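> would you be able to build a 3D model of this:
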Amino acid sequence: MDRVDHKSIWWRDLQKALFSSHKGQFIQKGLKWKVGSGDQIKFWEDKWTGEEESLAEKYPRLYLISLQQHQLIRSMGMHKDIGWEWNLTWRRALFDNEVTSAVNFLRYIADKTIQQQGSDA
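Presented below is the predicted three-dimensional model:
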């Protein structure tokens, strides 16, 4: 079955310009994600935390050992009684020199709000 792309020509051209050119990267710096349920934002690769770098850029060592690269936020945890709970998986145990970075990383993402409903924008 062939997938039909329902995006307008204008929208496809805009996406191509944003993601395939140097000027597009400059424009992206001015854009910010508004996190809803995490249904469109890539956890590691997209800049959704309010800073100018992605989590992959901020924590490159942890990104390299993550088993969840290229995953959307919503697939990185779940809502529990006490709120959102992250469920991170690694391809190996952390080395001693990675523990401090991991603690800082967990503290950093702990206060990020993920909604039960509502799309990302």
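> wasn't Gly50 part of a helix?
No. Going by DSSP: H, G, I helix; E, B strand; the rest coil, the assignment for Gly50 is coil, not a helix.
> excluding its backbone neighbours, what's nearest it?
Lys32 (7.4 Å; Cβ to Cβ, 6 or more residues apart in numbering). Placement of C-beta: from N, CA and C, glycine included.
> number of nearby residues for the one you found?
13 (other Cβ atoms under 10 Å).
> what pLDDT is listed against it?
With respect to pLDDT, Lys32 scores 73.
> correct me if wrong: Lys45 contacts His70.
One thing to correct before we go on: residue 45 is Glu, not Lys. Yes. With contacts counted by Cβ atoms under 8 Å, Glu45 reaches His70, the gap being 6.6 Å.
> compare these two (neighbour count), which wins?
Shown here are Glu45 and His70; by other Cβ under 10 Å, Glu45 has more neighbours (15 against 10).
> check which helix or strand covers that one.
Here Glu45 sits in a region with no helix or strand, counting by DSSP states H and E.
> repeat that for Tyr108.
With DSSP H and E as criterion, Tyr108 is part of helix 96-110.
> helices or strands next to that helix in the packing?
helix 55-58, helix 60-65, strand 83-86 (3 or more Cβ pairs under 8 Å, 6 or more residues apart in numbering; DSSP states H and E).
> what's that helix in contact with?
Applying Cβ atoms under 8 Å, 6 or more residues apart in numbering, the contact partners of helix 96-110 are Thr49, Leu55, Lys58, Tyr59, Arg61, Leu62, Ile65, Trp86, Leu94.
> let's see it at 7 Å
Tyr59, Arg61, Leu62, Trp86, Leu94 (Cβ atoms under 7 Å, 6 or more residues apart in numbering).
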